[in-house]
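A.B. asks: Take this sequence and fold it.
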Amino acid sequence: MSIVPSLFGGCRSSSIFDPFSSTLDMWDPFRDFPISSDVSRETSALVNARVDWKETPEAHVFKADLPGIKKEEVKVEVEDGRVLQITGERNVEKEDKNDTWHRVERSSGKFTRRFRLPENAKMEEVKAAMENGVLTITVPKEEVKKPDVKSIQISG
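C.D. replies: Now for the predicted structure:
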């Protein structure tokens, strides 16, 4: 028996070095800490709320993958100080006593993502849309004002 499995939380895989083993369990560093399962679920959901942020010439565009979440379960807010906040909750699937779970990989719980927007963001014109599990938030940008340049005649 190898010492490696005992270092990583008692992995039950027949081969710890087989990355494709279906019985390989992930090491959870917080497994023995006295925290509620709700906290670890929230953290898991937070990690899974992936967001891309791109800037185009006209706007800042955010895309968040939120599969299985309805638009009524997501809240998009703009706070003072140009902060965009996305919050929501993915509910736990109801368990039937007769079901046998072989793997649970989808996360559930609350998630929050916050982004400080640059000064050129038009905070009063933010728009959000949800389609096929993807939340798209568009924050228009103010036009960059070119400084007025006035030529001064040099005498002499």
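
A.B. asks: bridging residues for residue 63?
C.D. replies: residue 52, residue 136 (DSSP bridges).

A.B. asks: Just to check, it is in contact with residue 133?
C.D. replies: No: with contact defined as Cβ atoms under 8 Å, residue 63 does not count as touching residue 133 (10.8 Å). Using the backbone N, CA and C atoms, a C-beta is placed for each residue, glycine as well.

A.B. asks: These two: which is more packed in?
C.D. replies: Neighbours per residue (other Cβ atoms under 10 Å) separate residue 63 from residue 133, with residue 63 holding more: 15 against 12.

A.B. asks: tell me the contacts of the more buried one?
C.D. replies: Going by Cβ atoms under 8 Å, 6 or more residues apart in numbering, residue 63 touches 51-52, 134-137.

A.B. asks: Can you lay out the residues you listed as JSON lines showing distance to residue 124 and neighbour count?
C.D. replies: Shown next, in JSON lines, are the contacts of residue 63 (distance: Cβ to Cβ, whole Å; neighbours: other Cβ atoms under 10 Å):
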{"residue": "51", "distance to residue 124": "22", "neighbour count": "15"}
{"residue": "52", "distance to residue 124": "24", "neighbour count": "11"}
{"residue": "134", "distance to residue 124": "24", "neighbour count": "13"}
{"residue": "135", "distance to residue 124": "20", "neighbour count": "21"}
{"residue": "136", "distance to residue 124": "18", "neighbour count": "14"}
{"residue": "137", "distance to residue 124": "14", "neighbour count": "22"}
